[in-house]
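Novice: pasting the structure only:
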């Protein structure tokens, strides 16, 4: 597997899929990443934690586009033979 734009796209899509399947209320609550308002500290005290929560919240809006990109990727892989 060489380093090409197609492989970089597929790895980014795979990482986005991994972030999408995380359920904030079930899995991330034990780490305190389920809600920004109830984290118990200000953003200046722990900015990395707030950015992680923001990323996990923002990626939830990408569900429909990611499903479409998954379908397109699967069709291309079937038609072009994969790599």
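Specialist: Sure, I can see it. Here the structure is a predicted model, which means the values were calculated and not measured.

Novice: Would you mind listing the buried residues in the helix or strand hosting residue 9?
Specialist: Secondary structure from DSSP states H and E places residue 9 in helix 5-20. Neighbour counts over helix 5-20 (16 or more other Cβ atoms under 10 Å) mark 10, 16 as buried. To be clear about C-beta, it is placed using only N, CA and C from the backbone, and glycine gets the same treatment.

Novice: In terms of secondary structure, what does that helix contact?
Specialist: In terms of contacts (3 or more Cβ pairs under 8 Å, 6 or more residues apart in numbering; DSSP states H and E), helix 5-20 is packed against helix 63-80.

Novice: and residue 53, how many residues sit next to it?
Specialist: Residue 53 has 20 neighbouring residues, counting by other Cβ atoms under 10 Å.

Novice: ok, and for the host helix or strand of residue 55, which residues are buried?
Specialist: Assessed by DSSP H and E, residue 55 sits inside helix 47-58. Across helix 47-58, burial judged by 16+ other Cβ under 10 Å covers 49, 50, 53, 56.

Novice: just the residues you listed now: which is nearest residue 7?
Specialist: Distance to residue 7, by Cβ to Cβ, is smallest for residue 56 among those, at 25.2 Å.

Novice: The closest one and residue 34, how far apart?
Specialist: From residue 56 across to residue 34, the span is 9 Å (Cβ to Cβ, to the nearest Å).

Novice: what sits in contact with each of those two?
Specialist: Common contacts of residue 56 and residue 34 (Cβ atoms under 8 Å, 6 or more residues apart in numbering): 24, 28.

Novice: shaky segments in the chain?
Specialist: Applying pLDDT under 70 to the chain flags the ranges 1, 35-44, 46, 82-83.

Novice: again, only this time at 80
Specialist: 1-2, 23-54, 82-83 (pLDDT under 80).

Novice: which other residues reach stretch 13-24?
Specialist: When contacts are defined by Cβ under 8 Å, 6+ apart, stretch 13-24 is touched by residues 28, 33-35, 55-57, 59-60, 62-63, 66, 69-70, 73.

Novice: same thing but 7 Å
Specialist: The contact list for stretch 13-24 (Cβ atoms under 7 Å, 6 or more residues apart in numbering) reads 28, 33, 34, 56, 59, 62, 63, 66, 69, 70, 73.
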